[in-house]
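*Asks:* no sequence for this one, just the structure:
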């Protein structure tokens, strides 16, 4: 779970990491309660925000109104901000980079640090941390030496605070970029990028992404869902969304997801796909699909390709055949006799009438 | 031969009275694997429906059944670190963690202690380990399907996805290619055993002639495998299927099907993995169904 900058900075304050003076603005806010010059920052989760017009600098109050309006109208990666963070401008002599994260090479936490932060950060020094030891001071000193930074006690204290935040808040990334050096010994966090561990904070998380295409996809299985979207693209199909339902969800969950994927305008097909399920009740999940489908107005006439295998597949498919016959849906049903990727090809042919 | 699991595997199930633990225990027994005992603190002295004795601690279970050499962890996420440390402290050297949603920091901790105790952890979020005809640990291959899907043979299978272990094995078996051992390593950010760890095991196994892997975006385990191949540490042919090419255009840090499937630019992307593996000499399949023909190509 990625936090907005202003949420991350609240955590910084909690752990004693200095941040610029700032005010959170909504569309209705008129005055920033801070004197210009200011940095106005759209509160979106997307990366490279500055390069994409999400950060504007204002010198006076006239600029402020204009910039505020502009930021609230700017969409980055499909996101328009609900808030803008207005902050005092910091005059920095240097911008550093520092972060803690988990690394798949050392399979543990790492400290990454660089004397050149900001946009286009140069190569950072990577220092693996033995989680059984934690972060003793000598390791921070080694990191600073490696990054050619001074062994300043307030910088060491700041890095320790960031480590405490990383561990205690169950983060998988805690990053300050840039870390402003105002003068020797005075540091201010210019930005905050914090990702919390979904396993702890959000265990019921189910990803749903809108994509540009016109074939709705209901995929099953963490890995199979990815390989199936790849297959759809490989055969020339354009997926309208990514969603995945794993485990053995009740019909109501599938019903809800079905309504959501069918809500997209301009669909040309729908592909319900999964591998050989070990424990997922196919009848139950297909029942949820049909319940969702019945809620869609007008009734979808485009082809719906269903490929499923697993417990109660036969009962599920009998039910689907009945529904197709009585209610007039354009179902194409396949079991394990046909590979998943082959049904991607069929879906593409039917949807685009190739 | 096979790796990790064979006829000598004797299993302890930690969390045997829970839903996942009891189902896995039943499944293992039905495949002919010896499940000696279970542990659920507070339920010691009872027996499961199948007559497996339940103990309060690993120490007690090991005291009664010193031959236990493998533990399946099926306790709720908050207790996984403790259960894993308990297994390691009692000198159990192979630990398969079925539980999903284990906090990343705790996984890092158990990986560190596994070095100290010289134990091998598979998972978390591992569907299990199966050596066809010899035994299995975990919930891999439900009893209705297990004989249709898996068959003994020369292909070692390593998969980040639990579901795809069944799918890949079925496709291989249908094309007359059996498997030596199939392992679900889990799709978490940090995992106890990665592609390199297990490919090195397959390297030592005389029965295994080729290795098939299912990888996906996020992390660098696939790139590390490519590096191990290039360095000459893995000499057996590798056929790979890498999922997540479609995600190239998605915003960075987006999480897809598994906790470790994080959209990344550069290293960690599907393209980076496919290029690294191809350059190292591995064959990369476009679809699961292409894998058997690629395996046959490298076996001749």
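*Replies:* Yes, it's here. These figures come from a predicted structure and were not determined experimentally.
*Asks:* Tell me which stretches of the chain form helices.
*Replies:* Assuming you mean chain A. A:5-14, A:61-73, A:137-146, A:153-168, A:198-201, A:222-234, A:251-262, A:282-293, A:313-327, A:340-352 (DSSP state H).
*Asks:* look at chain B instead
*Replies:* B:19-30, B:58-64, B:80-89, B:104-117, B:146-149, B:162-174, B:195-204, B:221-230, B:270-280, B:291-299.
*Asks:* Would you confirm that residue A:212 contacts residue A:238?
*Replies:* Yes. Counting by C-beta atoms under 8 Å, residue A:212 does reach residue A:238; the two are 6.6 Å apart. C-beta: built from backbone N, CA, C; applies to glycine.
*Asks:* Next, the buried residues of stretch B:116-126.
*Replies:* B:117, B:119-126 (16 or more other C-beta atoms under 10 Å in any protein chain shown).
*Asks:* Can you give the distance from it to the centre of its chain?
*Replies:* What separates the centre of stretch B:116-126 from the centre of its chain is 10 Å, taken as C-alpha atoms, centre = their mean, to the nearest Å.
*Asks:* For that stretch, measure first residue to last.
*Replies:* 22 Å (C-alpha to C-alpha, to the nearest Å).
*Asks:* Same check on stretch A:301-315?
*Replies:* 24 Å.
*Asks:* try stretch B:241-257
*Replies:* Span of stretch B:241-257 from end to end, C-alpha to C-alpha: 16 Å.
*Asks:* do it and chain A meet?
*Replies:* Yes. Under the criterion of C-beta under 8 Å from any C-beta of the partner chain, chain A is reached by stretch B:241-257 at B:241, B:243-247, B:250-257.
*Asks:* Would you pull up how far that stretch lies from the middle of the chain?
*Replies:* Taking C-alpha atoms, centre = their mean, one finds stretch B:241-257 lying 22 Å from the centre of the chain it belongs to.
*Asks:* Stretch A:178-189 now?
*Replies:* Stretch A:178-189 sits 29 Å away from the centroid of its parent chain (C-alpha atoms, centre = their mean).
*Asks:* For the stretch 201-350 of chain A, which residues are neighbours of chain B?
*Replies:* By the rule C-beta under 8 Å from any C-beta, the part of the stretch 201-350 of chain A lying against chain B is A:203, A:205, A:207, A:209, A:211, A:220-227, A:229-234, A:239, A:242, A:244, A:246, A:274-279, A:311, A:336, A:339-342.
*Asks:* Look up the closest residue to residue B:73, ignoring the ones flanking it.
*Replies:* Counting by C-beta to C-beta, 6 or more residues apart in numbering or on different chains, residue B:73 lies nearest to residue B:97, which is 4.5 Å off, once chain neighbours are set aside.
*Asks:* Please tell me how far the one you found sits from residue A:95.
*Replies:* Distance, residue B:97 to residue A:95, using C-beta to C-beta, to the nearest Å: 42 Å.
*Asks:* what pLDDT does residue A:336 get?
*Replies:* As predicted, residue A:336 sits at a pLDDT of 85.
*Asks:* which residues does it contact?
*Replies:* The contact partners of residue A:336, by C-beta atoms under 8 Å, 6 or more residues apart in numbering or on different chains, come to A:276, A:309, B:170.
*Asks:* For the stretch 201-350 of chain A, give the residue positioned nearest to chain B.
*Replies:* The minimum distance from the stretch 201-350 of chain A to chain B, using C-beta to the nearest C-beta, falls at residue A:223 (2.3 Å).
*Asks:* Measure how buried residue B:148 is and give me the count.
*Replies:* 15 (other C-beta atoms under 10 Å in any protein chain shown).
*Asks:* OK, contacts around the closest residue to it other than its chain neighbours?
*Replies:* Nearest residue to residue B:148, sequence neighbours excluded (C-beta to C-beta, 6+ apart): residue B:170, at 7.2 Å. Going by C-beta under 8 Å, 6+ apart, residue B:170 touches A:276, A:336, B:148-149.
*Asks:* do the same with residue A:346
*Replies:* Residue A:346 is in contact with A:305, A:332, A:334, counting by C-beta under 8 Å, 6+ apart.
*Asks:* confidence score at it?
*Replies:* 97.
*Asks:* where does it sit relative to residue A:235, distance-wise?
*Replies:* Taking C-beta to C-beta, one finds residue A:346 at 9 Å from residue A:235.
*Asks:* Touching, residue A:58 and residue A:69? I think so.
*Replies:* No. Under the criterion of C-beta under 8 Å, residue A:58 makes no contact with residue A:69, lying 11.7 Å away.
*Asks:* The two: which is more packed in?
*Replies:* residue A:58 (20 against 11).
*Asks:* In stretch B:96-105, which residues are buried?
*Replies:* Buried-residue list, stretch B:96-105, by 16+ other C-beta under 10 Å: B:96-105.
*Asks:* what's the span of it from first residue to last?
*Replies:* End-to-end distance (C-alpha to C-alpha), stretch B:96-105: 18 Å.
*Asks:* go on, stretch B:217-233?
*Replies:* Stretch B:217-233 has an end-to-end distance of 23 Å (criterion: C-alpha to C-alpha).
*Asks:* same thing with stretch A:46-63?
*Replies:* For stretch A:46-63, the end-to-end distance is 24 Å (C-alpha to C-alpha).
*Asks:* Any part of it near chain B?
*Replies:* Yes. Residues of stretch A:46-63 are located near chain B by C-beta under 8 Å from any C-beta, namely A:46-47.
*Asks:* How far away from the center of its chain is that stretch?
*Replies:* That offset, for stretch A:46-63, works out to 22 Å (C-alpha atoms, centre = their mean).
*Asks:* Name the residues of the stretch 1-150 of chain B found near chain A, please.
*Replies:* Neighbours of chain A within the stretch 1-150 of chain B, by C-beta under 8 Å from any C-beta: B:77, B:101-105, B:108-109, B:111-113, B:116, B:127, B:139, B:141-142, B:144-145, B:149.
*Asks:* which outside residues touch stretch A:118-136?
*Replies:* A:48, A:50-51, A:95, A:97, A:99-100, A:103, A:106, A:108-114, A:116, A:139, A:142-143, A:146-147, A:159-160, A:163, A:177-178, B:105, B:108-109, B:112-113, B:116.
*Asks:* Now the lengthiest strand in chain A: buried residues?
*Replies:* The residue-count maximum for a strand in chain A (DSSP state E) belongs to strand A:171-183. Going by neighbour count (16+ other C-beta under 10 Å), the buried part of strand A:171-183 is A:171-181.
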